[in-house]
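fold the following and give me the result.
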Amino acid sequence: MPEIRHEPIAPTRSQWLASGAEISAHRHDDHQIIYAARGVLTVTTDAGSWVTPGNRAIWVPAGTVHAHRAYGSLELHLVGLPADSNPLSLDTPTVLSVAPLLRELIIEYTRGPDSAGPEHDRLLAVLLDRLRASPQQPLHVPTPTDPLLRAVCELVRASPGDNRTLVDLGRAVGASDRTLSRLFRRDLGMSYPQWRTQLRLHHALILLADRTPVTTVAHRCGWSSASAFIDVFRRTFGHTPGVGGV
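Next up is the predicted model:
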């Protein structure tokens with residue numbers, strides 16, 4: 001990522017971002033919790049991208065170079081935490097489930113970040129307690145380091161609805177499907193179908209935030225039918241897809 005900004009203190013605040021707005025690559029000396037109460041936010045690092053719909057937040061460890069992009073009108077809430085305090089014991093970006101209580105705690109805490117005192121401290125303590133109890137979510141689309149695998153992944157990223165098999169993709173890059181399958185496991189820790197499903201869900205959330213009809217989303221993202229897409233979406237996120245509200 002070129003032109004990386006260094007902002008030592010991770011801000012605690014709320015703000016609105018228009019659809020398509022970007023926050024360029026930067027890093028903080030603090031940890032940060034990022035939550036989109038409305039809209040969909042993508043967070044990108046050299047290791048891949050994470051997507052956060054309205055019932056998810058992302059933990060970004062101190063020193064991590066990251067960039068943001070908004071899809072749909074985005075209500076963004078940021079919570080900065082000192083680097084010497086890592087309540088989640090996480091050293092990589094991680095998506096966490098946000099239950100209704102945690103949602104309200106984050107919104108309230110970021111509403112008045114300049115206020116200090118025992119009440120504000122107690123609010124943060126409860127917020128962190130609820131965050132520790134939040135399940136981690138598999139919403140990461142990792143970026144491969146192997147050049148051959150990177151070429152394959154770029155082909156699929158360019159068209160998430162592409163249903164070519166590893167055999168077909170191997171022909172395109174000059175490798176066997178067995179080699180590619182081994183690289184997916186070794187480099188990304190998942191199979192090709194698992195990685196492709198993550199990519200498709202990521203793309204589906206973006207399309208839904210832009211108010212694309214569910215049937216159209218299913219088709220563009222490579223599912224055989226809207227019902228097949230809805231089933232995968234429900235199993236991943238715990239609810240059915242809704243245009244705009246995701």
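
what does the worst-scoring helix or strand of the chain on mean pLDDT contact?
Least confident element among the helices and strands of the chain, by mean pLDDT, DSSP states H and E: strand 136-137 (a mean of 80). In this structure, residues lying in contact with strand 136-137 by Cβ atoms under 8 Å, 6 or more residues apart in numbering are 56, 94-97. The way it works is simple: take the backbone N, C-alpha and C, and place the C-beta from them, glycine included.

whatever helix or strand residue 51 lives in: what's the following helix or strand?
Under the criterion of DSSP states H and E, residue 51 resides in strand 48-52. Secondary structure here is assigned by DSSP H and E; on that basis, the next helix or strand after strand 48-52 toward the C-terminus is strand 56-60.

follow-up on the earlier one: wait, which of the contacts of strand 136-137 is closest to residue 241?
residue 56 (14.2 Å; Cβ to Cβ).

for that closest one, give me its contacts.
When contacts are counted by Cβ under 8 Å, 6+ apart, residue 56 is found next to 35, 95-98, 137, 139.

okay if I get the residues you listed as TSV plus secondary structure?
Conversion of these to TSV gives the following (DSSP: H, G, I helix; E, B strand; the rest coil):
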residue	secondary structure
35	strand
95	strand
96	strand
97	strand
98	coil
137	strand
139	coil
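
before we move on, the earlier item: pairing partners for the least confident helix or strand of the chain, with directions?
As defined by DSSP bridges, the strand partners of strand 136-137 come to strand 94-97 (antiparallel).

just the residues contacting the strand it pairs with, thanks.
50-52, 55-59, 88, 131, 134-140.

now with 10 Å, please.
The contact list for strand 94-97 (Cβ atoms under 10 Å, 6 or more residues apart in numbering) reads 33-35, 43, 50-53, 55-61, 88, 90, 102, 130-140, 237-238.
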